[in-house]
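Trainee: Sequence isn't available, so here's the structure alone:
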C-alpha cells in the first residue's frame with residue numbers, strides 16, 4: 001500500500017481540481033490511499049489573502065500588470081535576489097503547512113502547484129524528508145516557476161511542454177507526458193450518461209436546437225451576463241439556447257437568472273456546480289476562458305471551444321495551443337464573440353471538425369497515467 005499526499009494551492013480552481021482528480025484516481029486503486037491538502041488552509045492569513053484573493057483581483061482588474069509580472073518572473077533566474085526573497089517570505093508564512101505535511105508521513109507526494117514543491121525541496125535538501133515528490137504542471141505552457149529542481153518526476157500536458165522542460169535543463173528521464181488530470185466524470189466521454197441529447201433534455205433544453213455553454217471559470221471572472229445577452233440577440237426566436245455558468249459569482253448568477261426570466265426556454269443559469277461534465281456534454285460549442293483544467297475537461301469530452309478573456313501569460317498560451325491544433329477559436333473582444341459564435345453555429349461541419357480535433361487531443365485518463373508513473377507501474 002502506498003500513501004500519496006496530494007498538495008494543491010487554491011489560487012484559481014484549476015490546481016485544486018487537478019488534485020481532486022488525482023485523489024479520486026488513487027481512491028479507485030486500493031489498497032493505495034490518498035490525502036489531499038490545500039496548502040492555503042495551512043498558511044498565514046495575510047499570505048493566503050495575497051496568494052488567492054489578490055491573484056483573482058489582479059488578473060481581473062489589472063491584466064496588464066499581471067502580464068508584466070508573468071513575463072518578468074519567467075525571465076528571472078531562481079538564484080536571483082528577488083526569487084530568494086520570495087522563497088524566504090513563503091517559508092516564513094508556511095510553517096504550519098510544513099508541519100502538517102510531516103504529520104501525514106506520506107510515501108510519495110504529488111504537487112499540482114509549484115509552491116509546495118519548492119517547500120518540500122528545501123526539506124529534502126536539509127535531509128528532513130526522503131520520499132519522492134512529483135510535480136504536475138497544470139497548463140499547456142511552461143513558466144519558470146514550475147522549474148523546481150530535484151523532483152522525482154515532472155508531469156506535462158503535451159510534448160511541447162516536455163520539450164520546454166528539457167530545454168530548460170530538466171533531465172529527459174524525469175519528464176512524462178501524461179496530460180492534465182480530470183475527474184472520473186470526464187474519463188468516459190462515450191458513456192450513455194453523457195449523451196448530448198439526454199443531457200440537454202435533462203436541463204430543460206430542446207435537443208433539436210443548438211446549445212452553447214458559456215462559462216467564466218469557477219471564480220466567476222468577467223462580465224458573463226453581458227456576453228450571454230449579446231449572444232441571445234444573435235439568434236432571434238429560433239436561435240441558440242445558452243447554458244450560462246457563473247461559478248461562485250453570486251452577482252453574475254443573479255443577473256443571469258433575470259436574463260433567463262426574460263428569455264424563457266433559452267437560458268439555463270447555473271452557479272457553482274459539480275455537474276460540469278453534463279453541461280459540457282449537452283453543448284455543441286463551449287465558450288470559456290482557457291484555463292488549463294477547463295480546457296482539459298473540454299478536450300476529454302471532445303468539445304470545440306470559443307475562447308474568451310484569456311489571462312495574460314498562461315491562458316494566452318493555452319489558447320495558442322488550441323488554435324494551432326484546430327480545437328478552438330479565440331474571440332479577442334465582444335464584437336469578435338458575436339461574429340464567431342454566429343459563424344461557428346451556422347457551420348456544423350466546422351464544429352464537427354473542431355470536435356474531432358478536440359477528441360484527438362484529449363487525455364481523459366490522465367490521472368491514471370500520472371499514478372502509473374508515481375507508483376512505478378508505467379511501461
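Mentor: Looks like it came in fine. If you're wondering where the values come from, they're calculated on a predicted model, not measured in any experiment.
Trainee: quick one: the strands in the chain?
Mentor: For the chain, applying DSSP state E gives strands covering 3-8, 33-38, 108-111, 133-136, 153-156, 175-177, 211-215, 241-245, 267-270, 285-288, 305-308, 328-331.
Trainee: Just give me the neighbour total for residue 291.
Mentor: 25 (other Cβ atoms under 10 Å). C-beta coordinates here come from the backbone N, C-alpha and C atoms, glycine included.
Trainee: That one contacts residue 315, doesn't it?
Mentor: Yes. Between residue 291 and residue 315 there is a contact under Cβ atoms under 8 Å: 6.2 Å.
Trainee: Same list, the strands of the chain, but as CSV with distance to residue 351, mean pLDDT and mean neighbour count please.
Mentor: Converted to CSV, these look like this (distance: least, Cβ to Cβ, whole Å; pLDDT from 0 to 100; neighbours: other Cβ atoms under 10 Å):
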stretch, distance to residue 351, mean pLDDT, mean neighbour count
strand 3-8, 34, 97, 25
strand 33-38, 36, 96, 18
strand 108-111, 36, 98, 26
strand 133-136, 31, 98, 26
strand 153-156, 29, 98, 26
strand 175-177, 28, 98, 18
strand 211-215, 11, 94, 25
strand 241-245, 15, 95, 27
strand 267-270, 20, 95, 22
strand 285-288, 6, 96, 25
strand 305-308, 10, 95, 24
strand 328-331, 10, 96, 22
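Trainee: In JSON lines, list those along with distance to residue 49.
Mentor: Listed next are those as JSON lines, based on distance: least, Cβ to Cβ, whole Å:
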{"stretch": "strand 3-8", "distance to residue 49": "18"}
{"stretch": "strand 33-38", "distance to residue 49": "15"}
{"stretch": "strand 108-111", "distance to residue 49": "22"}
{"stretch": "strand 133-136", "distance to residue 49": "25"}
{"stretch": "strand 153-156", "distance to residue 49": "29"}
{"stretch": "strand 175-177", "distance to residue 49": "34"}
{"stretch": "strand 211-215", "distance to residue 49": "26"}
{"stretch": "strand 241-245", "distance to residue 49": "26"}
{"stretch": "strand 267-270", "distance to residue 49": "28"}
{"stretch": "strand 285-288", "distance to residue 49": "27"}
{"stretch": "strand 305-308", "distance to residue 49": "28"}
{"stretch": "strand 328-331", "distance to residue 49": "32"}
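Trainee: now for those strands, which one comes closest to residue 376?
Mentor: Nearest to residue 376 among those is strand 108-111 (9.6 Å), distances taken as Cβ to Cβ.
Trainee: That closest one pairs with which strands, parallel or anti?
Mentor: Looking at strand 108-111 with DSSP bridges, its partner strands are strand 3-8 (parallel), strand 133-136 (parallel).
Trainee: so which of those comes closest to residue 20?
Mentor: strand 3-8 (8.0 Å).
Trainee: Can you give the distance of stretch 69-79 from its chain's centre?
Mentor: Put simply, stretch 69-79 sits 22 Å off its chain's centre (Cα atoms, centre = their mean, to the nearest Å).
Trainee: Endpoints of that stretch, how far apart?
Mentor: The stretch stretch 69-79 measures 17 Å between its terminal residues, going by Cα to Cα, to the nearest Å.
Trainee: Can you tell me what sits against it?
Mentor: Here stretch 69-79 makes contact (Cβ atoms under 8 Å, 6 or more residues apart in numbering) with 82, 83, 143, 144, 145, 147, 149, 312, 313, 314.
Trainee: And these, which of them are buried?
Mentor: In the contacts of stretch 69-79, burial by neighbour count holds for 83, 143, 144, 145, 147, 312, 313, 314, counting by 16 or more other Cβ atoms under 10 Å.
Trainee: which ones are touching the second one?
Mentor: When contacts are counted by Cβ under 8 Å, 6+ apart, residue 143 touches 70, 73, 74, 313, 314.
Trainee: Not counting its neighbours along the chain, what's nearest residue 26?
Mentor: Nearest residue to residue 26, sequence neighbours excluded (Cβ to Cβ, 6 or more residues apart in numbering): residue 34, at 3.5 Å.
Trainee: Many thanks, have a good one.
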